[in-house]
Structures are given as C-alpha cells and as structure tokens.
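> What follows is a predicted structure for the sequence shown.
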Amino acid sequence: MRGCATDGVVAWHRTLRKAFHSFCSPTSCIFGPNLPDVWVPREHTPPHTLFPESLQWANNGHNALILEGKPIAKQIKLEVADEIRRMKSGIGKFPRLAVVLVGDRRDSHTFIHIKLKACDQVGIETVTSQLPENCDESELLDVVSGFNEDPDVHGILVQLPLPQHLDEEKIINVVSPEKDVDGFHPLNIGNLAIRGRKPFFVPCAPKGCIELLLRHGVEIKGKRAVIIGRSKIVGLPTSLLLQRHHATVSVLHAYTKNPEHITSEADIVVVDVGVPNIVRGNWLKKGAVVIDMGTNQVKDPSGHGFCVSGDVCFEEAVKVASAITPVPGGVGPVTISMLLSNTLDSAKRAFGMV
Ligand SMILES: NC(=O)C1=CN([C@@H]2O[C@H](COP(=O)(O)OP(=O)(O)OC[C@H]3O[C@@H](n4cnc5c(N)ncnc54)[C@H](OP(=O)(O)O)[C@@H]3O)[C@@H](O)[C@H]2O)C=CC1
Ligand SMILES: Nc1nc(=O)c2c([nH]1)NC[C@@H]1CN(c3ccc(C(=O)N[C@@H](CCC(=O)O)C(=O)O)cc3)C=[N+]21
C-alpha cells in the first residue's frame, strides 16, 4: 500500500518536473533534473560550446583556449557591489566579514590583503583580528566565539594553515555554520556531500572552479574528471561539487600510483597539490580541459622577490589541452569573488532577505 502511494508521488513529481522543464532552456532552468541541486552561478551560463555533443574535442595542434578568471571575477564583483548598494539604500545595512589571521606567513598575509581589498571594493565591511604565532588555542577560540555572538558579523574566515600547535579541526568546529563563509565546517561539508541537501556555504575555491568552467561554456555532466589533491580547502569539496554536476570523478593523492595514467584518461583535470609544475604535458589527454588551482609562491628567476606559479607545467600543457587556466589570473580571482558572494548571501539570510 505504502509502495503504491510513494509511486504516485514520484509519478506526480516527474510529471511536474517534465512540465516545468519544457518551459526552460537547459542553461536557464535551475530546477530541471539536468542541473545540480545545491548551487548554480548567479548569471545564466553560456551554452556548452566546449563540449558540442556531436564533435570530438580537439586541440588540432594549436595552443589551448586560455580560461581567464579575471573578467569573470570582475563581473561577479559588479553584481555583488550592486546588491550591496541596494541593500544599503533599502534597509541601511551592509555585510560584515571577520577575518582571523594567526602568525606571520608571507603567503597568508598576501591572501588576506587580496581578500580585504576585494571586500572594500564591493562595500563589504571587514574587521580583522591578528594574533601572534605563539598565541594560545583558548585565545583564538575566544576570538572566534566573540565573532559568532556578534550579530553585526555575517561571515567568519580563519586563514589556514594555522601554526602547528593549534588544532585546526577544533577551531573550524567552533565557527558558527551559519557564518562559515569558507564552507569548511563539518555540517556544511557533510551537507555538500549528501545529494539533495543544501549547505549554508560551498567552499570558495571549488565554487570558483565550477563557476569558471560553466561560465566558459565547459560541460561537466557525464565527463570523466580527475582531481589531484583531497584537501578540505580545495580537493575534497571540488570532487563533491563535480559529482553534484554529474561528472564521473577520480580523486588522486600522494599515495596514488601512476597518476599520469589516470589523468591521461580524463576530460577535465583539476590540480590542487601545491607543487609547482607537477603535472606535465604528457599526463594529459589531447583536448582535455585543465584547471590549475596551485598558487605557489616561488623565488623569482631573476633572484629578486617572489612570483606565483601553478601546479601545471603551462608551457607543455597548453600544447595538449583544449582549454587551460593561467596562474595567476585563473581560478584565484574567481575564488575571491566567491568569498564576497558567500558573505553577501550570509548577510541577506541574517536580514531576512532570502
Ligand atoms: N586558486 C585558489 O583559489 C586556491 C589555491 N590553493 C592552492 O592550492 C595548492 C594546494 O593547497 P591545499 O589544498 O591547501 O594543500 P594541501 O597540502 O592541504 O593538500 C595537497 C594535496 O595534494 C596531495 N599531494 C601531495 N603531493 C602529491 C603528489 N606527489 N601527487 C599527488 N597528490 C599529491 C596531498 O595528498 P595527501 O592527501 O595524500 O597528503 C593533498 O591531498 C596550493 O598551491 C594553494 O596555494 C588553495 C586554495 C585556493
Ligand atoms: N580559510 C582559508 N580560506 C581560503 O580560501 C584559503 C585559505 N584559508 N588559505 C590559503 C588558501 C589559498 N587561497 C587562495 C585565494 C586566492 C588566490 C588568488 O587570488 N590568487 C591570485 C594570485 C595571488 C598572488 O599574487 O599571490 C591568482 O591566482 O591570480 C590564491 C589562493 C585561499 N585559501
């Protein structure tokens, strides 16, 4: 009896979906069965020009299409700034992000500087708490708890990695899931992992990766994707998001044997290792789409200062791939714009605007 009732509901649901889907084009409908149920980019995505159903991907001996992130980040920032302007003029309120930085790592200072500047550009107010390298865990927990309780703070970001003596998991667990704009809290990661559930926030870099693919017209559904790296910041949540977008995903890590063999079968290769040039041109299938998440600060060849290098040997990969992100200027800027977008979403939730 119960089986029959459920069948009826399922059939009714299917009919509804079918009817609704017939009104929507595949790229504009957010409820259709073809699209993920957790998040889609704000803007309508362009048609899947890089995966025309009838054509084989090819590089044809030419250099790959460069998947630039800066124009996408700029567009998202304009959208976020516009919403914040309307929020301010409408209800006199604005989003506020709390940033917690422990210690003196040069790369962390660079990343925080970029994030604070971006917040300023779009009208997100920031409050920064900087603690010394040797601070007590209890001091850090107090700072985070203070931001949890402050109703004027909508997003909390604890810059990682933390110094060795601090228990990173303990700190992440204390951040309120509803202010966790990084999306690292187990509740948010757990809900991202379970199909049909909706986390408060999706981590910024993985979201940036998908945003970049979709906005450049790369179809993900049904493709073979490889992600190298399984960190909680990038690798793990990217693998979950790619699955939500219906890719068939393999996750590679430090113990994977013959990684080049596995990557050479992938349509989409996402690299998040933190080792400059680890992925060589001969690891890739001809025509693959390559997303290089690596942002490694390396000594400038001239000997003066530092420059940023990705995890992919760009000069080799660009001759094999059909499309590839540059470093800098690829996923990084889109990641930052996702932080702005998450913080805006959090403020809207707090103000009852969603
Ligand atoms: N563009 C962006 O927006 C962002 C870029 N990044 C960048 O991404 C890079 C990685 O950062 P993060 O994820 O935090 O780093 P982690 O060190 O936390 O993770 C690195 C991952 O790479 C794996 N790995 C290490 N060596 C190898 C190897 N030889 N072969 C295969 N896999 C390997 C590790 O495997 P195992 O788990 O087995 O140890 C681990 O899963 C950095 O350059 C960072 O700056 C980070 C965040 C955002
Ligand atoms: N709590 C937390 N959240 C994070 O999101 C987080 C973190 N900790 N720890 C470190 C990683 C790294 N990360 C990047 C963000 C932006 C760029 C970025 O903007 N990159 C620029 C270049 C940056 C430069 O010039 O150094 C680009 O690729 O064009 C890169 C990497 C976020 N992370």
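That came through fine. Ligands and ions are numbered 1, 2, ... in the order given.
> where exactly do the strands run in this structure?
Assigned strands in the chain, in chain order: 65-66, 96-102, 125-131, 155-158, 224-228, 248-252, 268-271, 289-292, 296-299, 306-309, 323-324 (criterion: DSSP state E).
> what would the ones you listed look like in a markdown table with distance to Asp345?
Just so you know, the C-beta spots here come from the backbone N, C-alpha and C atoms, and that holds for glycine as well. What follows is the strands of the chain, written out as a markdown table (distance: least, Cβ to Cβ, whole Å):
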| stretch | distance to Asp345 |
| --- | --- |
| strand 65-66 | 30 |
| strand 96-102 | 12 |
| strand 125-131 | 16 |
| strand 155-158 | 9 |
| strand 224-228 | 25 |
| strand 248-252 | 26 |
| strand 268-271 | 24 |
| strand 289-292 | 24 |
| strand 296-299 | 30 |
| strand 306-309 | 29 |
| strand 323-324 | 29 |
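> who wins for proximity to Gly208 among those?
Each of the strands of the chain has some distance to Gly208 by Cβ to Cβ; the shortest is strand 289-292, at 9.5 Å.
> so what's Val279 scoring on pLDDT?
Model confidence at Val279, given as pLDDT, is 98.
> quick one, what contacts it?
Counting by Cβ atoms under 8 Å, 6 or more residues apart in numbering, Val279 touches Ile228, Thr263, Val269, Val271, Val290, Asp292, Asp311, Val312, Cys313, Ala317.
> 10 Å - rerun?
For Val279, the contacting residues are 226, 228, 259-260, 263, 269, 271, 273, 290, 292, 294, 310-314, 316-317, by Cβ atoms under 10 Å, 6 or more residues apart in numbering.
> Mind checking which of these are buried?
Under a neighbour-count criterion of 16 or more other Cβ atoms under 10 Å, the subset of those counted as buried comprises 226, 228, 259, 263, 269, 271, 273, 290, 292, 294, 310-314, 316-317.
> Can you name the residues that contact Asp272?
205-206, 209, 227-231, 233-236, 238-239, 291-295, 311, 331.
> Could you rerun that using 6 Å?
The contact partners of Asp272, taken as Cβ atoms under 6 Å, 6 or more residues apart in numbering, are Gly229, Val234, Gly235, Met293.
> Number of residues surrounding the closest residue to it other than its chain neighbours?
Nearest residue to Asp272 in three dimensions, chain neighbours excluded: Gly229, at 3.6 Å (Cβ to Cβ, 6 or more residues apart in numbering). Other residues near Gly229 number 24, with proximity taken as other Cβ atoms under 10 Å.
> wait, Gly229 sits on Leu236?
No. Taking contacts as Cβ atoms under 6 Å, Gly229 lies outside contact range of Leu236: 8.6 Å.
> still on that earlier bit, please list which of the buried ones among the contacts of Val279 also come close to ligand 1.
Ile228, Pro259, Val273, Gly294 (Cβ under 6 Å from any ligand atom).
> Could you find the closest non-adjacent residue to the last one?
Translated: Gly294. Take Gly294 and drop its neighbours on the chain: the residue closest to it by Cβ to Cβ, 6+ apart is Asp311, 3.0 Å away.
> wouldn't that neighbour be in contact with Val271 here?
Yes. In this structure, Asp311 is within contact of Val271 by Cβ under 6 Å, at 4.4 Å.
> what do these two both touch?
With contacts defined as Cβ under 6 Å, 6+ apart, the residues shared by Asp311 and Val271 are Asp292.
> that older thread, which of the contacts of Asp272 has the most neighbours?
When neighbours are taken as other Cβ under 10 Å, the top entry among the contacts of Asp272 is Met293 (30 neighbours).
> Which residue, other than its chain neighbours, is closest to it?
The shortest distance from Met293 to any residue other than its chain neighbours is 4.1 Å, reached at Asp272 (Cβ to Cβ, 6+ apart).
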